[in-house]
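Asker: Give me a model of this one.
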Amino acid sequence: MPSQPSKTLDTFDNPSPDNNFAIYIRIPEFTCLCPATGQPDFAELHLQYVADQRCVELKSLKNYMWSFRNEGAFHEAVTNQILNDLVAATDPRFMRLTANFYVRGGIYTTVVAEHRQEGWTPPESVTLPPPTRSPQGTEY
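Answerer: All right, here's what the predicted structure looks like:
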């Protein structure tokens, strides 16, 4: 059976719930309709999150994104709706959704929406120097 658009977001158990690891998902083909004109809006979405107990399953995420193709939505509203639906499905420690909408009438729109689980503090960031090369030319 071919895939169909769906508002269902399936999840699976986090394989390493004791670790604060980041998940990055790039969604380059998001589309919806402008509610004022009915014309298509195109965006590239960037989802970043630190899972708690659940992770989002990618095929269901694809079908979920597809479900907006024929819906009218303002950029700000649809970005926050997607974030809220993903948070409801996964209850992440942290989630950020960045929606980069392509030009319409000479204007680009970027909407960033975030969620932080109550009481969660991100681990301290570690910055490492760039890799160096050994005399033999291998990186270490």
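
Asker: going forward, measure contacts and count neighbours with C-alpha atoms only.
Answerer: Will do.

Asker: residue ranges with poor pLDDT in this protein?
Answerer: Scanning the chain for pLDDT under 70 picks out 1, 134-140.

Asker: got the contact list for the closest residue to residue 53 other than its chain neighbours?
Answerer: Nearest residue to residue 53, sequence neighbours excluded (Cα to Cα, 6 or more residues apart in numbering): residue 14, at 5.2 Å. Applying Cα atoms under 8 Å, 6 or more residues apart in numbering, we find residue 14 in contact with 51, 52, 53, 54, 55.

Asker: Restricted to strands, list the residues you listed.
Answerer: Using DSSP state E to define strands, the subset of those located there is 54, 55.

Asker: Do me a favour and get the end-to-end distance for stretch 121-133?
Answerer: Criterion Cα to Cα, to the nearest Å; first-to-last residue distance in stretch 121-133 is 36 Å.

Asker: what's the answer for stretch 29-49, then?
Answerer: 20 Å.
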